[in-house]
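Trainee: need a 3D model of the following:
(one chain, ligands or ions: 2)
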Amino acid sequence: MALDRNAPNDLNAFWMPFTANRQFKKNPRMFVGAKDMHYTTSDGRQVLDGTAGLWCCNAGHCRPKITEAIQKQAAELDYAPAFQMGHPVAFELANRIIDIAPKGIEHVFYTNSGSESVETALKLAIAYHRARGESTRTRLIGRERGYHGVNFGGISVGGIVNNRRMFGTLLGGVDHLPHTHLPGQNAYTRGMPEHGANLADELERIVALHGAETVAAVIVEPVAGSTGVLIPPKGYLQRLREITKKHGILLIFDEVITGFGRLGTPFAAQYFDVLPDMMTTAKGLTNGVIPMGAVLTTAAVHDAFMQGPEHVIELFHGYTYSGNPIASAAGIATLETYREEGLFERAAEIAPYWEDALHSLKGLPHVIDIRNLGLIGAVELDPIAGEPTKRAFSAFLAAYDKNILIRTTGDIIAMSPPLMITKAQIDTLIGTLADVLKKLD
Ligand code: PXG
Ligand code: PLP
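Mentor: Ligands and ions are numbered 1, 2, ... in the order given. Below you'll find the model as predicted:
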């Protein structure tokens with residue numbers, strides 16, 4: 001570790017993201033190590049990782065191949081300018097990503113996070129139409145309860161109220177589809193719910209309201225994660241694809257969570273057999289180890305920009321760290337780890353066991369819904385009257401005390417373990433969660 005001791009002297013300077021800072025600093029929870037499926041806490045406990053960090057360490061922790069690749073790259077070529085210069089590792093990673101991407105996805109634009117991938121995709125959408133002479137297509141359509149990171153474009157198309165309301169007027173020219181959460185009809189569905197495909201038809205209403213010639217793109221998470229795990233109703237994503245295609249609107253799948261094996265396929269686009277025009281990714285691309293994201297596009301999107309004199313920059317967009325050598329090396333080693341260990345296939349194989357384990361929690365105190373797909377699971381709790389989020393957060397704290405790491409959002413417990421999780425570890429995770437729920441106020 002960079003520190004020669006486990007505890008810093010002062011916690012004041014670091015303003016922590018998406019954290020109750022004052023509460024945390026009174027009673028901090030610190031990880032000081034990790035290996036495979038477990039974190040080590042500063043008080044020496046082993047905590048089973050039920051969330052793959054923040055949905056990102058799909059191959060588990062401190063995997064040797066990734067560690068070695070980073071060390072080697074850092075000693076060989078630490079940084080290369082991202083603009084007007086290249087280095088081989090970034091090109092190789094792009095090819096490897098395309099190898100596992102859906103057929104029809106052919107290009108990779110590098111970013112450093114999911115939020116940057118979203119901003120990039122939204123800008124690409126508007127610029128794409130403009131490059132093709134349709135400069136009136138500027139509107140962006142997201143969805144209620146959607147999470148697309150925290151930058152201005154992402155919170156504008158996003159639909160999580162707390163992430164939006166403090167930040168002014170956001171982007172103009174944005175509209176939202178309704179969310180697909182229908183607990184009355186779909187509660188306790190295993191996998192994809194039966195009801196709600198018709199909610200995609202709301203896009204027709206929005207398009208009619210504004211005029212198709214003003215709409216650039218629709219962005220949705222194939223499976224909504226951060227908002228508390230909303231699984232798309234059967235046929236919903238197909239319907240969105242049909243309507244967007246019919247009106248010449250680009251469809252962007254935000255695959256920051258669903259990318260890199262979470263559903264047992266490389267991407268959700270393959271799981272649902274729906275080809276979007278762009279996919280935003282991050283997290284599992286480098287196993288969360290080094291920040292990196294990427295926007296994947298079809299040839300049609302890319303080629304629209306490849307015109308005019310060849311010495312002129314085609315797209316005025318990019319980041320200092322786009323395709324950073326060390327991140328690229330981490331990406332290649334991550335994809336190799338997924339392949340060599342068959343981790344995507346493993347996720348698909350163990351998903352039915354995961355589903356059974358999760359749904360065994362039905363009937364426990366306060367549980368009002370359980371949802372799952374691939375290696376994603378959510379348990380929704382009845383909120384304490386007048387104190388939303390408190391019950392689930394108490395469950396999180398109690399779970400941490402019992403050596404399991406879960407995530408909560410609102411009163412929903414979300415889980416997304418590394419794809420290497422064993423059946424015995426699923427039993428431990430869900431069994432411990434059951435104990436926690438039985439004792440919850
Ligand atoms: N899009 C989606 C669909 C995401 O899930 C982002 C964009 C933004 O990625 P960055 O790398 O900028 O954070 C995300 C991120 C949680 C949780 O517990 C989810 C995310 C991040 C942190 C926590 O649900 N998703
Ligand atoms: N702000 C300033 C002053 C800069 O010079 C730059 C990049 O050169 C940025 C922001 C953007 O940083 P990044 O490329 O890491 O997103």
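Trainee: when you work out contacts or count neighbours from here on, use the C-alpha atoms and nothing else.
Mentor: Noted.
Trainee: residue closest to the middle of this structure?
Mentor: With distances taken as C-alpha atoms, centre = their mean, the residue of the chain nearest its centroid is I257 (2.3 Å).
Trainee: show me the contacts for the nearest residue to that residue once chain neighbours are set aside.
Mentor: Nearest residue to I257, sequence neighbours excluded (C-alpha to C-alpha, 6 or more residues apart in numbering): W55, at 6.2 Å. By C-alpha atoms under 8 Å, 6 or more residues apart in numbering, the contact set of W55 is I257, K283, G284, S416, P417.
Trainee: restrict those residues to contacts with ligand 1.
Mentor: Counting by C-alpha under 6 Å from any ligand atom, I257 from these sit close to ligand 1.
Trainee: what's the closest of the contacts of W55 to ligand 1?
Mentor: I257 (5.0 Å; C-alpha to the nearest ligand atom).
Trainee: what's the closest one in contact with, if anything?
Mentor: W55, C56, G225, T281, A282, K283, G284.
Trainee: those in strands, which ones?
Mentor: T281 (DSSP state E).
Trainee: can you put the contacts of I257 in JSON lines and add pLDDT and distance to ligand 2?
Mentor: Compiled in JSON lines, the contacts of I257 are given as follows (pLDDT from 0 to 100; distance: C-alpha to the nearest ligand atom, whole Å):
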{"residue": "W55", "pLDDT": "98", "distance to ligand 2": "23"}
{"residue": "C56", "pLDDT": "98", "distance to ligand 2": "21"}
{"residue": "G225", "pLDDT": "97", "distance to ligand 2": "26"}
{"residue": "T281", "pLDDT": "98", "distance to ligand 2": "17"}
{"residue": "A282", "pLDDT": "98", "distance to ligand 2": "15"}
{"residue": "K283", "pLDDT": "98", "distance to ligand 2": "18"}
{"residue": "G284", "pLDDT": "98", "distance to ligand 2": "21"}
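Trainee: could I get the contacts of I257 in JSON lines, plus columns for distance to G318?
Mentor: As requested, the contacts of I257 are arranged in JSON lines below (distance: C-alpha to C-alpha, whole Å):
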{"residue": "W55", "distance to G318": "25"}
{"residue": "C56", "distance to G318": "23"}
{"residue": "G225", "distance to G318": "27"}
{"residue": "T281", "distance to G318": "16"}
{"residue": "A282", "distance to G318": "16"}
{"residue": "K283", "distance to G318": "19"}
{"residue": "G284", "distance to G318": "21"}
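Trainee: remind me which helix or strand the residue lying farthest from the centre of the chain belongs to.
Mentor: Most distant from the centre of the chain: P309, at 37.4 Å, with distances by C-alpha atoms, centre = their mean. P309 belongs to no helix or strand when elements are defined using DSSP states H and E.
Trainee: pull up the gap between L182 and R190, please.
Mentor: Here L182 is placed at a distance of 14 Å from R190 (C-alpha to C-alpha, to the nearest Å).
Trainee: what about the two, which has more around it?
Mentor: For L182 versus R190, the count of surrounding residues by other C-alpha atoms under 10 Å is larger for R190: 17 against 13.
Trainee: contact partners for that one?
Mentor: The neighbours of R190, taking C-alpha under 8 Å, 6+ apart as the test, are E355, H359, R371, N372, L373.
Trainee: how about H129?
Mentor: If you count contacts by C-alpha under 8 Å, 6+ apart, then H129 has S135, R137, A216 around it.
Trainee: distance-wise, check it relative to V220.
Mentor: To V220, H129 is 19 Å away according to C-alpha to C-alpha.
Trainee: which one (most neighbours) among the contacts of H129?
Mentor: For those, neighbours tallied by other C-alpha under 10 Å; top is A216, 29 neighbours.
Trainee: doesn't that residue belong to a strand?
Mentor: Yes. Under DSSP: H, G, I helix; E, B strand; the rest coil, A216 sits within a strand.
Trainee: ok, the closest residue to it other than its chain neighbours - contacts?
Mentor: In space, and not counting its chain neighbours, A216 is closest to R137: 4.6 Å by C-alpha to C-alpha, 6+ apart. Residues in contact with R137 (C-alpha under 8 Å, 6+ apart) are I126, H129, R130, A212, E213, T214, V215, A216.
Trainee: part of a helix, is R137?
Mentor: No. According to three-state DSSP, the state of R137 is coil, so it is not within a helix.
Trainee: what helices and strands are in contact with the one helix or strand A75 maps to?
Mentor: Taking DSSP H and E as the criterion, A75 maps to helix 64-76. Under the contact criterion of 3 or more C-alpha pairs under 8 Å, 6 or more residues apart in numbering; DSSP states H and E, helix 64-76 touches helix 325-340.
Trainee: can you list contacts of the helix it packs on?
Mentor: 59, 65-67, 69-70, 73-74, 77-80, 87, 89-90, 92-93, 96, 285-287, 289-292, 343-344.
Trainee: can you say which of those residues are buried?
Mentor: Among the contacts of helix 325-340, those classed as buried by 16 or more other C-alpha atoms under 10 Å are 59, 66-67, 69-70, 73, 79, 87, 89-90, 93, 285-287, 289-292, 343-344.
Trainee: residues of this structure that sit close to ligand 2?
Mentor: Residues of the chain lying near ligand 2 (C-alpha under 6 Å from any ligand atom): Y319, T320, Y321.
Trainee: of these, closest to K35?
Mentor: Among the residues of the chain next to ligand 2, Y321 lies closest to K35 (C-alpha to C-alpha), at 27.6 Å.
Trainee: so the closest one touches N112, yeah?
Mentor: Yes. With contact defined as C-alpha atoms under 8 Å, Y321 reaches N112; the gap is 6.8 Å.
Trainee: neighbour count winner among the two?
Mentor: More crowded of Y321 and N112, by other C-alpha under 10 Å: N112, with 22 against 18.
Trainee: contacting residues around the more buried one?
Mentor: With contacts defined as C-alpha under 8 Å, 6+ apart, the neighbours of N112 are A282, P291, M292, G293, A294, Y319, Y321, S322.
Trainee: alright, I will stop here.
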